[in-house]
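Chemist: Here is the input, now give the coordinates:
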Amino acid sequence: MTETLKRSCARRSFPFNVRDGLIGAAAFVVSTALLAWLGSSLRQHGRADLATYVHAMSLFASMTLTMPFTFLKGQPWRAQIAIVGGTIGLLVLIALL
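Modeler: Reported below is the predicted structural model:
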């Protein structure tokens with residue numbers, strides 16, 4: 001077990017390349033813009049309380065949504081869904097409290 005951890009921690013290459021980074025950056029920008037637009041749209045339709053939550057959550061949710069393209073690259077899809085879905089769920093819970 002210890003040797004496996006040493007080998008996995010000592011690798012010199014990153015699990016993602018420039019292409020994955022660009023995809024993650026594009027997903028980050030697009031998701032931030034969409035969530036900001038959603039918050040503005042909610043405010044225009046009289047839902048200022050919900051708009052505040054969406055605006056407050058847009059940056060953190062966007063970071064979380066880009067994780068499968070960058071930091072979670074190479075992990076099993078079930079782990080990616082659990083981590084991203086759990087984090088988004090926590091963000092929604094925190095925003096509503």
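Chemist: now this structure, which segments are flagged as low pLDDT?
Modeler: Within the chain, the segments meeting pLDDT under 70 span 1, 5-15.
Chemist: now stretch 75-82, how far from the centre of its chain.
Modeler: Mean-position distance between stretch 75-82 and its chain equals 13 Å (C-alpha atoms, centre = their mean, to the nearest Å).
Chemist: which residues sit against that stretch?
Modeler: In this structure, residues lying in contact with stretch 75-82 by C-beta atoms under 8 Å, 6 or more residues apart in numbering are Met67, Pro68, Leu72. Every C-beta, even on glycine, is put in place using the N, C-alpha and C of the backbone.
Chemist: roughly how far apart are the second one and Asp20?
Modeler: Just to be clear, that refers to Pro68. 10 Å (C-beta to C-beta, to the nearest Å).
Chemist: Need the three-state assignment for Gly74.
Modeler: The three-state label given to Gly74 by DSSP: H, G, I helix; E, B strand; the rest coil is coil.
Chemist: Share the number of residues neighbouring it, please.
Modeler: 9 (other C-beta atoms under 10 Å).
Chemist: for it, phi and psi?
Modeler: Per-residue torsions, Gly74: phi 90, psi -10 (degrees, to the nearest 10).
Chemist: ok, His59 to Ala82 distance?
Modeler: Not His; residue 59 is Leu. Look at Leu59 and Ala82: by C-beta to C-beta, they are 22 Å apart.
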